[in-house]
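Student: Have a look at this prediction, sequence included:
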Amino acid sequence: MKNTFELSYGVVILVTVVILFFILPFISYYNKKRIAKKIPLAIVKKDIEKEAKKIDKLIEGLDKESDFYKLRYIAYRIKVELNKYNLMSNGIYPQFCLDHRMYFMYIFRSVLDILGKGDVYRTVTTIDIWQFDEDDKKLLDGYPGLQKEYKKSFLKSNVEAAKRLVNIERFFIIDELASKNINSAYSINLRDTVQRLVNELDHDTRECKIFFCPTKNYVNETKKDIAFALIRNEENTSFMYLYSNNTDMLPSIEMNFLDNNEEVNYQRLYKKLKYYRDKSGSEKFSLEQMAKKLGISKNNN
């Protein structure tokens with residue numbers, strides 16, 4: 001009787017162990033799934049709240065008059081990122097890989113888009129940088145899922161900024177020798193750029209002043225510090241500049257928010273800007289003069 005009881009008891013234990021051996025993994029798996037559904041979501045949300053508080057703390061620390069442009073650009077970037085998050089929340093978020101040329105235009109365009117009345121934008125550039133601007137706009141228009149801040153030409157940003165009474169001065173350095181050959185790719189690009197500017201700029205955009213500075217020493221003059229933009233506000237001490245470096249293996253744009261106008265690089269760039277601003281006579285042509293020189297008139301088609 002005792003042996004039978006011990007045997008039965010042993011069988012029960014063995015069966016229980018076997019059952020637990022097979023059931024416990026399923027219980028563990030179920031619990032993990034249940035926890036995974038609840039705890040990580042809460043943790044991730046808490047992480048997001050923590051990062052949002054960091055943004056608040058960062059903004060609280062920017063309370064000097066010279067932080068004016070920093071705050072405006074931070075506000076712009078937050079708005080852009082929120083647009084992206086809205087797309088993600090809908091389940092589809094297209095990512096577009098812009099090449100460095102298109103991204104270069106995007107950065108300069110994004111700065112122009114945050115400027116308003118009282119802002120002064122001075123820039124030195126070449127027509128080579130503008131060569132693909134309109135082509136990019138047509139290309140990007142073909143993608144309905146692309147954020148609207150990408151789907152605008154750089155010229156359009158200039159026009160809109162001028163209408164907001166941003167004071168713009170743009171100096172194009174022109175290759176005088178290459179432009180004399182009317183059949184050269186450079187000369188055609190020059191004419192196309194001037195035609196676009198003439199078509200888009202009118203009395204509503206008189207705050208946008210365009211100048212062309214021909215040079216026989218084009219290669220040396222455009223070897224460094226092309227293109228750049230110096231930005232200041234007429235009502236406070238805030239400065240910033242954009243400086244492109246297209247000569248490195250990895251092209252870059254430096255965005256510098258200045259505390260004052262004594263910053264060394266700013267002064268170097270301002271000196272170059274002044275060199276072109278001070279030109280006169282045959283050394284510098286307004287947009288109207290260049291259009292007349294090339295026989296270009298407004299095309300309303």
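Tutor: Structure's in. What do you need? Residues are numbered from 1 along each chain as shown.
Student: And the helices in this structure?
Tutor: 2-60, 68-89, 100-113, 127-130, 133-141, 154-163, 176-179, 185-200, 218-221, 264-277, 287-294 (DSSP state H).
Student: Adding mean pLDDT, distance to Leu242 and mean neighbour count, write the ones you listed out as CSV.
Tutor: Using the backbone N, CA and C atoms, a C-beta is placed for each residue, glycine as well. Output for the helices of the chain, formatted as CSV (pLDDT from 0 to 100; distance: least, CB to CB, whole Å; neighbours: other CB atoms under 10 Å):
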stretch, mean pLDDT, distance to Leu242, mean neighbour count
helix 2-60, 64, 22, 10
helix 68-89, 85, 11, 14
helix 100-113, 84, 6, 18
helix 127-130, 82, 12, 20
helix 133-141, 65, 16, 15
helix 154-163, 91, 13, 20
helix 176-179, 88, 26, 15
helix 185-200, 91, 20, 18
helix 218-221, 88, 19, 14
helix 264-277, 89, 10, 15
helix 287-294, 93, 22, 16
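Student: Which among these is found nearest to Arg170?
Tutor: Across these, the minimum distance to Arg170, taken as CB to CB, is reached by helix 154-163, at 7.6 Å.
Student: which outside residues touch that closest one?
Tutor: 105, 108-109, 112-113, 115, 121, 130, 133-134, 137, 168, 170, 196-197, 200-201, 204-208 (CB atoms under 8 Å, 6 or more residues apart in numbering).
Student: coming back round to it: let's have the helices of the chain in TSV, adding distance to Asn256.
Tutor: Putting these into TSV (distance: least, CB to CB, whole Å) gives the following:
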stretch	distance to Asn256
helix 2-60	18
helix 68-89	10
helix 100-113	12
helix 127-130	19
helix 133-141	24
helix 154-163	20
helix 176-179	32
helix 185-200	28
helix 218-221	23
helix 264-277	7
helix 287-294	29
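Student: between those, which gets nearest to Ser252?
Tutor: Of all the helices of the chain, helix 100-113 comes closest under CB to CB, at 8.7 Å.
Student: Let me know the angle separating that closest one from helix 154-163.
Tutor: 10 degrees (axes from the mean of the first three to the mean of the last three CA atoms, to 10 degrees).
Student: quick one: contacts of helix 100-113?
Tutor: Contacts of helix 100-113 (CB under 8 Å, 6+ apart): 73, 76, 80, 98, 121, 129, 132-133, 136, 149-150, 152, 154, 157-158, 160-161, 166, 227, 229, 231, 240, 242, 244, 246, 251, 253, 255.
Student: Can you tell me how far the most centrally placed residue in the chain is from Ser244?
Tutor: By CA atoms, centre = their mean, the chain has its centre lying nearest to Ile107, at 2.9 Å. Using CB to CB, to the nearest Å, we find Ile107 at a distance of 8 Å from Ser244.
Student: Can you pull the residues that touch both of those two?
Tutor: Joint contacts of Ile107 and Ser244 (CB under 8 Å, 6+ apart) are Ile253.
Student: roughly how far apart are the closest residue to Ile210 other than its chain neighbours and Tyr93?
Tutor: Using CB to CB, 6 or more residues apart in numbering and skipping the chain neighbours, the partner closest in space to Ile210 is Leu287 (4.0 Å). Computed as CB to CB, the Leu287 to Tyr93 distance reads 41 Å.
Student: again, but for Tyr103
Tutor: From Tyr103 to Tyr93 the distance is 18 Å (CB to CB).
Student: can you check Phe171 too?
Tutor: Phe171 is 39 Å from Tyr93, by CB to CB.
Student: list the contacts for Ile210?
Tutor: Going by CB under 8 Å, 6+ apart, the list of residues near Ile210 reads 170, 172, 197, 201, 286-287.
Student: for it, which residues make a bridge with it?
Tutor: As for beta bridges, Ile210 partners with Arg170 under DSSP bridges.
Student: got a pLDDT number for Met175?
Tutor: Check again: residue 175 is Asp, not Met. Note on Asp175: pLDDT of 93.
Student: Now the phi/psi pair for Ser238, please.
Tutor: phi -80, psi 130 (degrees, to the nearest 10).
Student: wait, it sits on Leu62?
Tutor: No. With contact defined as CB atoms under 8 Å, Ser238 does not count as touching Leu62 (11.0 Å).
Student: the more surrounded of the two?
Tutor: Between Ser238 and Leu62, counting by other CB atoms under 10 Å, Ser238 is the more crowded of the two (22 against 13).
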